[in-house]
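A.B. asks: curious how this folds, go ahead:
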Amino acid sequence: MKVKLQKELMHLLKQCEVLSKKTRLITNKKGEQSQEKRRNMNTTREEKAITAAAAASTPKDNQMIIEEIIKHGHQNAMGIFDMQGGVDE
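C.D. replies: Below is the predicted model of the structure:
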């Protein structure tokens with residue numbers, strides 16, 4: 001079951017990453033993102049945080065993963081998750 005959840009988590013994270021990249025590519029004429037596009041990027045990052053936290057084992061893990069994703073993106077947070085033994089293959 002843990003492996004199944006991990007695979008689903010990774011699939012969702014990849015989907016979020018693709019959406020985030022697409023959002024970053026869309027910019028206004030001056031090369032700055034519009035307010036709506038910034039909101040979309042923040043939503044994507046929050047979705048990653050929620051998805052990763054759902055697979056964590058304790059509330060403390062959840063909070064740490066959410067904070068890392070919001071600050072640095074999902075790669076760093078997944079590294080923390082792996083070190084805590086949260087991934088079992």
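A.B. asks: CA atoms for contacts and neighbours, from now on please.
C.D. replies: Fine.
A.B. asks: buried ones in the helix of greatest length in the chain?
C.D. replies: With DSSP state H setting the assignment, residue counts place helix 2-25 as the longest helix in the chain. Neighbour-count burial for helix 2-25 flags 6, 9, 12, 13, 16, 17, 20, 23 (criterion: 16 or more other C-alpha atoms under 10 Å).
A.B. asks: show the pLDDT at the fifth one.
C.D. replies: Spelled out, that is residue 16. On pLDDT, residue 16 comes in at 77.
A.B. asks: next one: it from residue 64, what distance?
C.D. replies: 19 Å (C-alpha to C-alpha, to the nearest Å).
A.B. asks: equivalent analysis for residue 70, please.
C.D. replies: The value you get for residue 70 to residue 64, if C-alpha to C-alpha is used, is 10 Å.
A.B. asks: go on, residue 14?
C.D. replies: 20 Å.
A.B. asks: what do you get for residue 4?
C.D. replies: Relative to residue 64, residue 4 is positioned 23 Å away (C-alpha to C-alpha).
A.B. asks: for residue 9, same thing?
C.D. replies: Taken as C-alpha to C-alpha, the span from residue 9 to residue 64 is 17 Å.
A.B. asks: same deal with residue 5?
C.D. replies: Per C-alpha to C-alpha, residue 5 is found 19 Å from residue 64.
A.B. asks: near residue 48, how many other residues are there?
C.D. replies: Residue 48: 27 surrounding residues under other C-alpha atoms under 10 Å.
A.B. asks: swap in the one 3 residues further on?
C.D. replies: When counting by other C-alpha under 10 Å, one arrives at 20 neighbours for residue 51.
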